[in-house]
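K.L.:
Turn this into a model:
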Amino acid sequence: MCQLSNVCKRSSYQVIINDFGKPNEVLEGVYVEVPNKLSSNQILLKVLMSPINPSDINMIEGTYHIKPSLPAVAGNEGVGEILEVGGAVQDHQVGERVIYSVADRSQCQLGAGTWRQFSIVNETNIIKVPSNISLIGAATLAVNPCTAYRMLKDFVKLKTDDVIIQNGSNSAVGQYIIQLCKYWGIKTINIIRGRQEDEKEQLVGHLQNLGADIILTEEDRKKGALKDILKSLPEKPKLALNCVGGDSSAHLVNSLRQKGVIVTYGGMSKRPVMIPTGAAIFKQITAHGYWNTEWMKDYKNSPERMEMITELCDYLDKGIIKTPKAELFYIKDFKTAVSESLKEFKTSKKVLVMDETLKC
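P.N.:
Numbering: from 1, shown residues only. The predicted structure follows:
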């Protein structure tokens, strides 16, 4: 292995955000030379895989809540292998597989900068993960499954046979919600957007295989199907999970039982969350927002964070939860990958691989 402490040249291909705007107009692929010396608490990673998340696209467009200082390396999640450690590093070793820690991103560094082949990070910026979970499982661990897990754990005390309702159910987070609920014995009502009949049948079958109890489209809901479903239940949902907003969020609120809770973690419709006045006053509905980055920051030094990561890794290893379907793209094909990720109906998560052999 070539040691950075020696005079050794190593170049890294990476995707740079030069300005905020349309992704394929402002992104650029460049080679940079990796510094040939680590400081005492730094670690050299060979980045293996990094997904393209909606938040990555929003950050590139400049519409995300926070913006990195430009130019910046794109990407906020990923998995890598440790190639070398600084002299003072004690908790990590060469050869370990690690993921980037969401908690250690700051306003000016914001992207973790995962769309690159090699990365130098501080030891506090990574979390060790077991090598027995898949690379895709590790690369997509820090955001979507953690979001699903926390929303089901933190806002309402759920017990076996309780019911939750969600929109955007075919999203990556939505699929993890279905699987976690199935394992924990919680029933799910799952709303999806309408689509061509053959695509709808395929998607419904996939969500049912994951453990979804009830599935309906937004169009079905508008025709009264949700009201009929709610009438058939012993009790209405205790928790609603919203990533759409607008009219869809209002119907989630109206479906809740007395003192129910709605948690918003996205806004795909780009319309405000709607809380009907009657539900707010007479049903005493409570509304919360969830942002995974903030939770990871707040609980950076809490055992609760590592307990969650360990539990989710165990679920992945045992097949209790499965990663969403993924389509792999070599990093130099990032423009194609980004274009595919921007399509309205996506059937798979787009993932960048930094070594072309990993596509096999």
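K.L.:
outside of the longest helix belonging to the chain, which residues touch it?
P.N.:
Secondary structure of the chain per DSSP state H: the longest helix is helix 303-318. Outside helix 303-318, the residues within contact range by CB atoms under 8 Å, 6 or more residues apart in numbering are 103, 127, 129-130, 132-134, 137, 141, 145-146, 149-150, 180, 183, 296, 299, 320-323. All C-beta atoms are positioned from the backbone trio N, CA, C, and that covers glycine.
K.L.:
List buried residues within those.
P.N.:
Applying 16 or more other CB atoms under 10 Å to those, the neighbour count classes 103, 127, 129, 133, 137, 141, 145-146, 149-150, 180, 296, 321, 323 as buried.
K.L.:
part of a strand, is residue 352?
P.N.:
Yes. Assignment of residue 352 by DSSP: H, G, I helix; E, B strand; the rest coil places it within a strand.
K.L.:
Helices along the protein, start to end?
P.N.:
With helices called from DSSP H, the chain shows them at 23-26, 54-61, 135-139, 144-154, 172-184, 197-210, 218-222, 225-232, 246-255, 277-282, 292-298, 303-318, 334-341.
K.L.:
And the shortest one, what does it pack against?
P.N.:
Read it as helix 23-26. helix 54-61, helix 334-341 (3 or more CB pairs under 8 Å, 6 or more residues apart in numbering; DSSP states H and E).
K.L.:
Output the ones you listed as TSV; include the columns mean neighbour count and mean pLDDT.
P.N.:
Formatted as TSV, the helices and strands packed on helix 23-26 follow (neighbours: other CB atoms under 10 Å; pLDDT from 0 to 100):
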stretch	mean neighbour count	mean pLDDT
helix 54-61	19	93
helix 334-341	18	96
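K.L.:
shaky segments in the stretch 251-360 of the chain?
P.N.:
For the stretch 251-360 of the chain, the stretches with pLDDT under 70 are 345, 359-360.
K.L.:
and residue 173, how far is that from residue 10?
P.N.:
To residue 10, residue 173 is 36 Å away according to CB to CB, to the nearest Å.
K.L.:
Those two - which one has more neighbours?
P.N.:
Set side by side, residue 173 and residue 10 show more neighbours around residue 173, with 26 against 16, by other CB atoms under 10 Å.
K.L.:
close enough to count as contact, that one and residue 242?
P.N.:
No. Counting by CB atoms under 8 Å, residue 173 does not reach residue 242; the two are 11.0 Å apart.
K.L.:
which residues do those two both contact?
P.N.:
Common neighbours of residue 173 and residue 242 (criterion: CB under 8 Å, 6+ apart): 265, 266.
K.L.:
which non-adjacent residue is nearest the most centrally placed residue in the chain?
P.N.:
The chain has residue 144 as the residue nearest its centroid, 2.8 Å off, counting by CA atoms, centre = their mean. Nearest residue to residue 144 in three dimensions, chain neighbours excluded: residue 172, at 4.2 Å (CB to CB, 6 or more residues apart in numbering).
K.L.:
if I pick that neighbour, what's in contact with it?
P.N.:
140, 144, 324, 349.
K.L.:
and the residue nearest to residue 243 when sequence neighbours are not counted, how many neighbours does it have?
P.N.:
Leaving out its chain neighbours, the residue that sits closest to residue 243 by CB to CB, 6+ apart is residue 266, at 3.3 Å. Residue 266 is flanked by 20 other residues according to other CB under 10 Å.
K.L.:
Residue 244 is in contact with residue 266, correct?
P.N.:
Yes. In terms of CB under 8 Å, residue 266 counts as a neighbour of residue 244; the distance is 7.3 Å.
K.L.:
overlap in contacts of the two?
P.N.:
Counting by CB under 8 Å, 6+ apart, the contacts common to residue 266 and residue 244 are residue 168.
K.L.:
quick one, longest strand in this structure?
P.N.:
strand 42-51 (DSSP state E).
K.L.:
tell me the angle of that one relative to helix 144-154?
P.N.:
Going by axes from the mean of the first three to the mean of the last three CA atoms, to 10 degrees, strand 42-51 is angled at 90 degrees with respect to helix 144-154.
K.L.:
Give me the sheet partners of strand 42-51 and which way each runs.
P.N.:
Applying DSSP bridges, strand 42-51 is found paired with strand 79-85 (antiparallel), strand 118-122 (antiparallel), strand 349-353 (antiparallel).
K.L.:
Now it: average pLDDT?
P.N.:
For strand 42-51, mean pLDDT is 96.
K.L.:
Run the angle between that strand and helix 334-341 for me.
P.N.:
Using the same axes, to 10 degrees: strand 42-51 against helix 334-341 is 50 degrees.
K.L.:
quick check: domain ranges of this protein?
P.N.:
Here the domain parsing of the chain from automatic domain parsing is 11-140+323-359, 146-292.
K.L.:
Same list, those domains, but as CSV with distance to residue 312 please.
P.N.:
Below are those laid out as CSV (distance: least, CB to CB, whole Å):
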stretch, distance to residue 312
domain 11-140+323-359, 9
domain 146-292, 6
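K.L.:
of all the helices of the chain, which lies closest to residue 116?
P.N.:
Closest of those to residue 116 is helix 334-341, at 10.7 Å (criterion: CB to CB).
K.L.:
can you list contacts of that closest one?
P.N.:
15, 23-24, 27, 29, 52, 57, 115, 327, 329, 346, 350-352.
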